[in-house]
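1. kindly return the folded structure for what I paste below:
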Amino acid sequence: TFLMTISRQNISIIIVTYKSEEVIDECLKSIPSDINILIIDNSGDHKFKENIEKKYNNVSCIVSLENLGMGAGNNLGLRQVKTDYALILNPDVVLENETIDELVSAIENLNEFSIIAPICKDKNYPNYEEFIKDDVDYSNLEPFKVKSIDGFAMLFNLKRINQLKNFENRLYFDENIFLYLENDDLCKRLMDIKENIYVVPKSKIHH
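-> Numbers count the residues shown, from 1 in each chain. Here you go, the predicted structure:
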């Protein structure tokens, strides 16, 4: 089987912000400094852009003139990045030391997937929807397939998705959906064409 070689350099991170100054630092500090981060700021705040780019060498920020919402903001980011993989994060997500490396290692071992996601540390609030309820064995740390995942942390296999029918225009999220259901819609469209979505239990996030 053909496995992609993947490193951190082949992953970009996209964060859509809206008046997120209070939470974003903890998020950015948790991301390895050799990964490029693109922030799409929906609150039109040029001061925020200036401060954040000065503070972090690996961050660039696009200030949107209008509030695009999550879906359109993420689409804008996904179209800008040049890497094969892009991890979408909400500004209030915090990574653990191994989060990215565990995703990288999962990518190396999974042949065909469109989206993978880390697992949310709080088991009472799972960030995914299973095919069959309650069949996940948490002691098994292998990646498992799911029906959908929450939009606050999802890694796109852009190289694959960009070749799929219906995604050639690089509209990933439906921009008519401003907030909340855009990730369910995206996952459903991928499921309809038999694409795989995985959760990686060894890769953990706090949200």
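2. got the buried residues for the strand ranked longest in the chain?
-> Assignment by DSSP state E gives strand 197-206 as the longest strand of the chain. By neighbour count on 16 or more other C-beta atoms under 10 Å, the buried set for strand 197-206 is I197, Y198, V199, V200, P201, K202, S203, K204, I205. All C-beta spots, glycine's among them, are computed from the backbone N, C-alpha and C.
3. assign a three-state SS to P32, would you?
-> coil (DSSP: H, G, I helix; E, B strand; the rest coil).
4. low-confidence ranges, the chain, go.
-> 1-5, 132-139 (pLDDT under 70).
5. can you give me every residue that contacts the residue nearest the centre of it?
-> The centroid of the chain falls nearest to I88 when counting by C-alpha atoms, centre = their mean (2.4 Å). Each residue near I88 by C-beta atoms under 8 Å, 6 or more residues apart in numbering is listed here: I13, I14, I15, V16, N74, G77, L78, G151, A153, M154, L155, F156.
6. run the last query once more with 10 Å
-> 12-16, 70, 73-74, 77-78, 115, 117, 151-156, 172-173, 183 (C-beta atoms under 10 Å, 6 or more residues apart in numbering).
7. from Y180, how far off is Y125?
-> 15 Å (C-beta to C-beta, to the nearest Å).
8. one step back: name every strand pairing with the longest strand of the chain and say which way it goes.
-> Under the criterion DSSP bridges, strand 197-206 sits next to strand 94-95 (antiparallel), strand 115-120 (parallel), strand 144-145 (antiparallel) in its sheet.
9. for it, list the C-alpha coordinates in PDB.
-> Taking Å, rounded to 0.1, in the frame of the first residue of the first chain, the C-alpha atoms of strand 197-206 are listed here in PDB:
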ATOM      1  CA  ILE A 197     -13.700   9.600   9.100                       C
ATOM      2  CA  TYR A 198     -11.600   8.500  12.100                       C
ATOM      3  CA  VAL A 199     -11.000   9.400  15.700                       C
ATOM      4  CA  VAL A 200      -7.500   8.900  17.100                       C
ATOM      5  CA  PRO A 201      -7.800   8.000  20.800                       C
ATOM      6  CA  LYS A 202      -4.100   8.500  21.500                       C
ATOM      7  CA  SER A 203      -4.300  12.100  20.300                       C
ATOM      8  CA  LYS A 204      -6.000  14.100  23.000                       C
ATOM      9  CA  ILE A 205      -7.400  17.600  23.300                       C
ATOM     10  CA  HIS A 206      -9.100  19.700  26.000                       C
END
